[in-house]
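Chemist: What follows is a predicted structure for the sequence shown.
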Amino acid sequence: MAYFLILFPLLVAMAAYLVASPDLRSRLLPVAGTLHLAVLLVALRHWGTLPINAWLGLDALGAWVLLVVSVLFCICAFYAPSYLALRADRDNRIFCVSLLSFLGLASLLAQARHPGVAWVAMETTTLVTAPLIYFNRNRRSLEATWKYLLIGSVGIALALLGTLFLAYAAHFGGLEEPLQYTRLMLNADLLSRPWLRAAFVLSLVGYGTKMGLAPLHTWKPDAYGETPGIVGALLAGGVTSCAFLALLRIYGIVVAAGEGKFAQELLVGFGVFSMAWAMVFMVRQMDFKRMLAYSSVEHMGILVFGIGIGGMAARFALFHLAANALVKSVLFLSAGNIHRSYASKTLPHVTGAIRRTPVSGWLFLIGFLAITGLPPFAPFISEFNIAAGAFTTGHAWAGTTFLVLLAGIFIAMSETVLKVVFGTPSHQRVRTHYSDTVATTAPLIVALCLAGLLGVWLPKPMQTLLEHAVATVDGKAHPRQVHLVPPVEVQHE
Amino acid sequence: MSPDFLIALTLISNFMLVATSRVNKAIQIVVVQGVLLGLIPLAMGLGKYFHILLVVLAALVVKGWLIPFLLRRAIREVHIQREVDPYIGYTVSLMLCALGTGLSLILAHMLPLKAGTPVVLLVPAALATLFTGFLVLVSRRKALTQVVGYLVLENGIYLFGLLLVEEMPLLVETGILLDLFVGVFVMGIVINHIRNAFDSTDTRHLAELKD
């Protein structure tokens, strides 16, 4: 099962490379996405039975993140064929291969039980997503790709150093390979504190760069602005979630070692700073795709903020991962449709989308309201509860700042969004042949409905999954695992 | 040769790199540094492990020959000789590099080493080299010099890896090799595209995207 989830998308990627017809190639995406999701749903039943010394396998946290990524991939995959048909002038071979490889490597990352394996998966995820950003093959997309690769590689290099520091922390305490996460957590007392702290800081900076936390987010507006909406959706909800997972794993070890307080302060600080930075750049943002990129910076900030507050807020931060991915896919894909219709993504040229592309216009508007916290959508539940968690755990200042920033971001975003959706038509508008079809809007409607459904009802098995995932983040090795296998004896030198 | 002597030479090469304005010279320095780093594990007596020898050999071939070859080819075709007006001037860069090296020594002092570690200079040297690479990366305009900066940053991680390579060869070696792979293939490919699109590898052309 574990190997199937990783290898199946990679095999389909190989098939996609060999297929000659672009149409057939793009249709492989929804097939692969659906099968991956189906197998994952079956595999989810076994997440509690992971042996302690496994190198690969789903635990609660990994299963939750992979579920989010797989659903997001499905939404994007069903959208992809109609989008690629609109861009028939571009060769979609590399594009499809990269998308499918990403799914395989995300599965590897989610199932990796060793920090080294997780790092390799994160690095390769960066590599396979780079060609996606260069899809338009012009100077602007080249610049975006260059920044993405250069800044991303530096971040990943720092994360590698963090991983090596973590290994040295274990080596210092007499704990040798294999250093699986569970083993590190169960023997966290042995880890050298200075090295562990340094490892966490480096991982936060390294994986934080991949997540796009301010001030390490500078690649994000460029990359999201220049890529097709579908890639933006996958980066904002998929790649960032993967990096967040890699960071959470290290955080769990730090908490298990009793150094949680130190890590939490850093996370809350980074979270507030990211939200504030994003708000500043969203004010009077003329480019609505860049605005969405800053919104992504904001939501990465919310994620680490929630984890930093801990308790109930941490639980809803994990929930927010799903909420963010679903609503971001609606926003990026509808923004992509509007971009197609107007052949532009900047404000004076794009106004009154609600008349020209009514469905995409409405979806963009509702998506905006959902992401900024309109009930009953899922982001409302998570944002509300993260704030509540901050107030009930004595972080009154952090909670107040959080709410003020959310309100500020709502105001800053609404100006741009309202102009795009309702604005009076300008003379500079260009009309293209694009108009909304079922194929380019139905996946978005499904995603929006899912986000609404999650806001009112979380199925029981998913609640259990989420609770166990939070326990892992809180540094508790999985309870069922602990009962199954006694802690490993450690030899002191 | 003692490993400490080689590490000292590596640190000197950091300063030379920061002070040079000629792209060609920067590439030469990175080659020299790559060779020095290849010699350190041998001087530490790690040459008895076959797998470490292989990684050292791979690092030497890639850093000492393949990457310089790609970079030099790019230089010839776009006629770049000098790094013109970097974001941070050479004198300031030198001072920052000295400051970074000093800070690395202090920082390394706060991280305890396991008793019996033979080469105590590895950690400060690794941090100083990492810092130098970062400095070059953010302060230069040419894509080529930025790649040089990335390579030096990676050299810093390699140095730290030497501390662990005997105990955890798999982790360290995979990391080093994969990082090398990124350096060569990806940056090489993108530089090629930049060259074709702009007839130059000055990243100033890559400044259309901003707020």
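Modeler: Ah, there it is.

Chemist: drop to CA atoms for contacts and neighbour counts, all remaining ones
Modeler: Noted.

Chemist: Mind pulling the model confidence for the most centrally placed residue in chain B?
Modeler: The structure's chain B has its C-alpha centroid closest to residue B:152; by C-alpha atoms, centre = their mean the separation is 1.2 Å. As predicted, residue B:152 sits at a pLDDT of 92.

Chemist: check which helix or strand covers the residue of chain A found nearest chain B.
Modeler: Of all residues in chain A, residue A:143 sits closest to chain B, at 5.0 Å by C-alpha to the nearest C-alpha. Using DSSP states H and E, residue A:143 sits within helix A:139-172.

Chemist: can you map out the helices along chain B?
Modeler: Along chain B, the segments classed as helices by DSSP state H run B:3-19, B:23-43, B:50-61, B:67-78, B:90-110, B:122-139, B:143-164, B:169-181, B:187-198.

Chemist: Name the residue of chain B that lies nearest to chain A.
Modeler: Closest point on chain B to chain A, by C-alpha to the nearest C-alpha, is residue B:206, at 5.0 Å.

Chemist: ok, and the closest non-adjacent residue to that residue?
Modeler: residue A:143 (5.0 Å; C-alpha to C-alpha, 6 or more residues apart in numbering or on different chains).

Chemist: Which residues are in contact with that neighbour?
Modeler: Counting by C-alpha atoms under 8 Å, 6 or more residues apart in numbering or on different chains, residue A:143 makes contact with B:206-209.

Chemist: What are the neighbouring residues in contact with residue 94?
Modeler: I'll assume chain A. A:17, A:131-132.

Chemist: wait, chain B
Modeler: B:15, B:18-19.

Chemist: would you list the residues you listed in a markdown table and tack on distance to chain A?
Modeler: As requested, the contacts of residue B:94 are arranged in a markdown table below (distance: C-alpha to the nearest C-alpha, whole Å):
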| residue | distance to chain A |
| --- | --- |
| B:15 | 21 |
| B:18 | 18 |
| B:19 | 22 |
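
Chemist: Of those residues, keep whichever come out buried.
Modeler: B:15, B:18-19 (16 or more other C-alpha atoms under 10 Å in any protein chain shown).

Chemist: Need the residues you listed in TSV (columns: pLDDT).
Modeler: Compiled in TSV, the buried ones among the contacts of residue B:94 are given as follows (pLDDT from 0 to 100):
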residue	pLDDT
B:15	95
B:18	93
B:19	91
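
Chemist: Run through the chain and note the low-pLDDT ranges.
Modeler: If you meant another chain, say so; for now it's chain A. Counting by pLDDT under 70, chain A has low-confidence residues at A:478-493.

Chemist: oops, chain B please
Modeler: Using pLDDT under 70, chain B drops low at B:84, B:184-187, B:199-201.

Chemist: sorry, back to before: so the residue nearest to the centre of chain B touches residue B:130, yeah?
Modeler: Yes: the pair residue B:152 / residue B:130 is scored as a contact, 6.8 Å apart, by C-alpha atoms under 8 Å.

Chemist: Give the burial count for the residue of chain B closest to chain A, as a bare number.
Modeler: 20 (other C-alpha atoms under 10 Å in any protein chain shown).

Chemist: swap in residue A:295?
Modeler: 26.

Chemist: helix or strand for it, which one?
Modeler: Going by DSSP H and E, residue A:295 is in helix A:288-309.

Chemist: That helix packs against which elements?
Modeler: helix A:219-226, helix A:260-282, helix A:312-342, helix A:378-392, helix A:396-422 (3 or more C-alpha pairs under 8 Å, 6 or more residues apart in numbering or on different chains; DSSP states H and E).

Chemist: What is the helix or strand hosting residue A:120 packed up against?
Modeler: Using DSSP H and E, residue A:120 sits within helix A:115-133. Packing partners of helix A:115-133 (3+ C-alpha pairs under 8 Å, 6+ apart): helix A:93-111, helix A:139-172, helix A:240-256, helix B:169-181.

Chemist: what's in contact with the last one?
Modeler: The set of residues that contact helix B:169-181 without belonging to it, under C-alpha under 8 Å, 6+ apart, is A:116, A:120, A:157, A:160, A:164, B:52, B:55, B:58-59, B:62, B:154, B:157-158, B:161, B:164-165.

Chemist: Report the inter-axis angle for it versus helix B:50-61.
Modeler: Counting by axes from the mean of the first three to the mean of the last three C-alpha atoms, to 10 degrees, helix B:169-181 lies at 10 degrees to helix B:50-61.

Chemist: by how many degrees do helix B:169-181 and helix B:143-164 diverge?
Modeler: Using the same axes, to 10 degrees: helix B:169-181 against helix B:143-164 is 170 degrees.

Chemist: Likewise for the longest one?
Modeler: Counting by the same axes, to 10 degrees, helix A:139-172 lies at 10 degrees to helix B:143-164.

Chemist: and the helix or strand following helix A:139-172, anywhere near chain B?
Modeler: Under the assignment DSSP H and E, the closest C-terminal helix or strand after helix A:139-172 is helix A:181-186. No: for a cut-off given as C-alpha under 8 Å from any C-alpha of the partner chain, helix A:181-186 has no contacts with chain B; the smallest distance is 14.1 Å.

Chemist: Next, the buried residues of helix A:181-186.
Modeler: Those would be A:181-186, for helix A:181-186 by 16+ other C-alpha under 10 Å.

Chemist: next one: stretch A:411-430
Modeler: Within stretch A:411-430, judged by 16+ other C-alpha under 10 Å, the buried ones are A:412-414, A:416-423, A:425.

Chemist: Is there proximity between it and chain B?
Modeler: No: judged by C-alpha under 8 Å from any C-alpha, stretch A:411-430 stays clear of chain B, getting no closer than 14.5 Å.

Chemist: Extract the C-alpha set from that stretch and format it as CSV.
Modeler: Written as CSV, here are the backbone C-alpha positions of stretch A:411-430 (Å, rounded to 0.1, in the frame of the first residue of the first chain):
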residue,chain,number,x,y,z
ILE,A,411,-10.4,44.9,4.1
ALA,A,412,-7.2,44.9,2.0
MET,A,413,-8.3,42.0,-0.1
SER,A,414,-11.9,43.1,-0.5
GLU,A,415,-10.9,46.3,-2.4
THR,A,416,-9.1,44.3,-5.2
VAL,A,417,-11.7,41.5,-5.3
LEU,A,418,-14.7,43.7,-5.5
LYS,A,419,-13.2,45.7,-8.3
VAL,A,420,-12.3,42.5,-10.2
VAL,A,421,-15.8,41.0,-9.7
PHE,A,422,-18.1,44.0,-9.8
GLY,A,423,-16.1,46.9,-11.2
THR,A,424,-17.4,49.0,-14.0
PRO,A,425,-16.1,47.8,-17.4
SER,A,426,-13.0,49.8,-18.6
HIS,A,427,-12.0,50.6,-22.1
GLN,A,428,-8.8,48.8,-21.7
ARG,A,429,-10.5,45.4,-21.6
VAL,A,430,-9.6,42.7,-24.0
